[in-house]
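>>> Attaching a predicted model along with its sequence, questions to come.
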Amino acid sequence: MDLLTTTIQPYDWGSTTALAELMGLPPTGRPQAELWLGAHPAAPSHVDRGHGPRPLDELLAADPTAELGPALARRFGPRLPFLLKVLAVDAPLSVQVHPDPAQAAAGHARENALGIPLDAPHRTYRDDHHKPEMIVALTRFQALCGFRPPSRCADLLEHLDVPALRPYAEALRARPDDAGLRQVFTAFLTPPTGLLTAVTDAVRRASTDGGPYGADLTAYAAVTHAHTDDPGLLPALMLNHVELVPGQALFLGAGIAHAYLRGLGVEIMASSDNVLRCGLTPKHVDAAELLETVRFTAPPVPALAAQWDAATGEHVYPAPVDDFRLSRYDLARTDAPRTLAAGAPQIVLCVSGEATVTSPERSVRLGPGRAVYAPARETLRLSGKGTVFRATSAVRTRPRQGGPPA
């Protein structure tokens with residue numbers, strides 16, 4: 001088991017205070033957006049096993065069977081299949097989607113064949129992996145995710161009372177299905193002159209009027225201030241506005257359009273850089289590939305509650321992938337220690353209070369924002385009075401071991 005030395009990414013949309021407050025550190029005065037915990041080569045965590053700090057991705061590549069276990073090494077190769085983060089969102093992120101495994105593999109191979117450098121600004125597929133992700137709210141957390149039903153999209157467009165929006169609302173009324181959503185979304189990617197300005201003004205005006213779309217329009221108005229003159233506002237209007245309370249989660253699978261707006265949360269994702277952006281960004285937008293990736297279905301994207309597992313004393317967040325498994329331990333509910341089974345590598349992150357993690361060789365006390373990594377062979381014991389998240393993979397090499405219920 002190793003204490004992780006981690007990286008904070010200073011993206012412009014990050015909060016200047018939230019991560020500092022979580023970790024008990026003085027603010028830097030600059031945005032701090034993402035605390036990364038894992039082995040992604042862009043910013044791997046470091047561990048020290050007595051010979052100085054070493055990047056975790058190099059450690060895994062040197063002996064993947066020992067670190068990952070044979071099942072994970074066979075399934076994913078010599079890499080950690082998940083990346084754990086703490087996100088501190090103070091301004092809206094881009095509207096984006098992620099590819100499924102087949103799209104990622106085909107797109108990566110195609111761009112390689114074209115000779116597009118991996119770091120080129122117009123590169124879409126930087127690896128051949130999919131990127132499902134899950135966000136768990138630590139504070140109230142706002143997001144856009146999934147399409148509104150066509151009739152509700154039309155209602156909102158009509159509510160804005162912009163004459164130039166009427167043809168789009170009428171198209172959704174005429175084709176209240178996936179095809180109608182695709183038609184209007186496609187048109188919004190390249191709006192006619194003047195439409196964006198008229199809609200921006202209408203959103204800001206309507207956000208102060210209350211009514212059935214009051215909370216939604218307040219969120220969209222914040223988008224217009226953060227991304228002035230960005231046509232991504234128009235497709236964003238087609239997405240559901242969701243506000244999570246602490247402990248709730250969203251799972252975002254392939255093709256689900258989404259954007260995070262504000263809040264502090266724990267995020268876990270498959271370890272990939274494949275993002276197709278729809279707007280609210282100065283970065284490359286590949287409209288043709290985007291339209292092949294977006295899923296224009298309109299079922300609700302539900303806020304997920306963790307499922308209590310009495311055998312292990314943890315709250316598990318269900319996800320239909322094997323790249324990652326995320327669970328939460330509320331240690332203040334009981335003094336009984338928990339057993340965290342061996343069989344897959346795991347990262348244990350404290351987000352409040354204190355927790356002690358014990359392996360056969362050492363014991364580490366964690367405060368908020370601190371984490372440990374354990375290879376697949378190590379069973380851990382967890383105790384304390386804090387709240388802890390555990391990230392691992394759903395692929396395992398032996399039956400899990402239980403612990404006393406909370």
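Perfect, I can see it now.
>>> helices or strands next to the strand ranked longest in the chain in the packing?
When the chain is parsed with DSSP state E, its longest strand is strand 258-270. For strand 258-270, the packing partners by 3 or more Cβ pairs under 8 Å, 6 or more residues apart in numbering; DSSP states H and E come out as strand 82-89, strand 95-97, strand 133-137, strand 141-147, helix 214-226, strand 239-244. Every C-beta, even on glycine, is put in place using the N, C-alpha and C of the backbone.
>>> Give the other helices and strands that the second one contacts.
Packed against strand 95-97, as judged by 3+ Cβ pairs under 8 Å, 6+ apart, are the following elements: strand 258-270, strand 276-279.
>>> same thing but at 6 Å, please
Packing partners of strand 95-97 (3 or more Cβ pairs under 6 Å, 6 or more residues apart in numbering; DSSP states H and E): strand 276-279.
>>> ok now the strand it packs on, how far from the chain's centre?
15 Å (Cα atoms, centre = their mean, to the nearest Å).
>>> Check stretch 99-114 too.
21 Å.
>>> Just the helices from the stretch 1-150 of the chain, written as ranges.
Ranges of helices in the stretch 1-150 of the chain, per DSSP state H, counting those that start in this stretch, are 18-23, 56-62, 64-68, 70-76, 101-113, 150-159.
>>> got JSON lines for the helices and strands packed on strand 258-270, with distance to residue 161 too?
What follows is the helices and strands packed on strand 258-270, written out as JSON lines (distance: least, Cβ to Cβ, whole Å):
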{"stretch": "strand 82-89", "distance to residue 161": "30"}
{"stretch": "strand 95-97", "distance to residue 161": "24"}
{"stretch": "strand 133-137", "distance to residue 161": "33"}
{"stretch": "strand 141-147", "distance to residue 161": "22"}
{"stretch": "helix 214-226", "distance to residue 161": "12"}
{"stretch": "strand 239-244", "distance to residue 161": "19"}
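>>> Return the most buried member of those.
Mean neighbour count (mean count of other Cβ atoms under 10 Å) peaks for strand 82-89 among those, with a mean of 27.
>>> Surely residue 287 touches residue 189?
Yes. In this structure residue 287 lies within contact range of residue 189 using Cβ atoms under 6 Å: 5.3 Å.
>>> higher neighbour count, these two?
residue 189 (16 against 12; other Cβ atoms under 10 Å).
>>> what's the distance between that one and residue 231?
Distance, residue 189 to residue 231, by Cβ to Cβ, to the nearest Å: 7 Å.
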